[in-house]
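> Let me see the structure of the following:
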Amino acid sequence: MAALPAPLQIRLDDLSDPRIEAFMQEHLQDMYAVSPPESVHALDMDQLRQPDIAFWSAWLPGADGGTLVGTGALKRLDAEHAELKSMRTSARHRGQGIARQVLAHLLHEARTRGFSRVSLETGPQPFFEPARQLYFQHDFVECGPFADYGPDPYSFFMTRPV
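The predicted structure is shown next:
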């Protein structure tokens, strides 16, 4: 894994920066490229702005506010259970530990916010293999569908206590 060129800044975000909208549009495009539409559970900007979702952006310092390199969100399912959403690292910065840092930050935030469990939905396709490996390395285990999800051959569900 290559080292980051500068310290990563992870901040709670209000989603007002247009760079985030472009970044998340790329995320949606990737999801629709590898999964059928009915199996894409990535959130659009309006869905990310809902009160039950907290969204963080990860930046490398630099001119014009820095370079957006990653995102992640927590969606409150109930008082004890949160869902990890919108985990993404820019294609140019993958393999540098950004997702690992964002995930650690989100797990810390989940504990701070009083959740006892975090779950997620990702895909079983090869495109998602690096994500699944990251989650396994952070003590996530495979589980069945949760919240409003149902069985889906294009979904892979994971969970862990926080």
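> I figured Asp13 hits Arg19, correct?
No. Counting by Cβ atoms under 8 Å, Asp13 stays clear of Arg19, with 10.5 Å between them. Using the backbone N, CA and C atoms, a C-beta is placed for each residue, glycine as well.
> Who has more neighbours out of the two?
Taking neighbours as other Cβ atoms under 10 Å, Asp13 and Arg19 compare with Asp13 leading, 18 against 14.
> Point to the residue nearest the middle of this protein.
Met87 (1.7 Å; Cα atoms, centre = their mean).
> Which SSE is immediately downstream of the host helix or strand of that one?
In this assignment (DSSP states H and E), Met87 forms part of strand 81-89. Using DSSP H and E, the helix or strand that directly follows strand 81-89 along the chain is helix 98-112.
> Tell me the buried residues in that next one?
Buried residues in helix 98-112, counted by 16 or more other Cβ atoms under 10 Å: 98-99, 101-103, 105-107, 109-110.
> Including pLDDT and distance to Glu26, could these go into CSV?
Converted to CSV, these look like this (pLDDT from 0 to 100; distance: Cβ to Cβ, whole Å):
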residue, pLDDT, distance to Glu26
Ile98, 95, 15
Ala99, 96, 15
Gln101, 96, 20
Val102, 97, 16
Leu103, 98, 19
His105, 97, 21
Leu106, 98, 20
Leu107, 98, 25
Glu109, 98, 24
Ala110, 98, 26
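> Reformat the residues you listed into a markdown table and put distance to Gln137 next to each item.
What follows is these, written out as a markdown table (distance: Cβ to Cβ, whole Å):
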| residue | distance to Gln137 |
| --- | --- |
| Ile98 | 15 |
| Ala99 | 11 |
| Gln101 | 13 |
| Val102 | 14 |
| Leu103 | 9 |
| His105 | 16 |
| Leu106 | 15 |
| Leu107 | 12 |
| Glu109 | 19 |
| Ala110 | 17 |
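> of all these, which two lie farthest apart?
Distance extremes for those: the farthest pair is Ile98 and Ala110 at 18.7 Å, using Cβ to Cβ.
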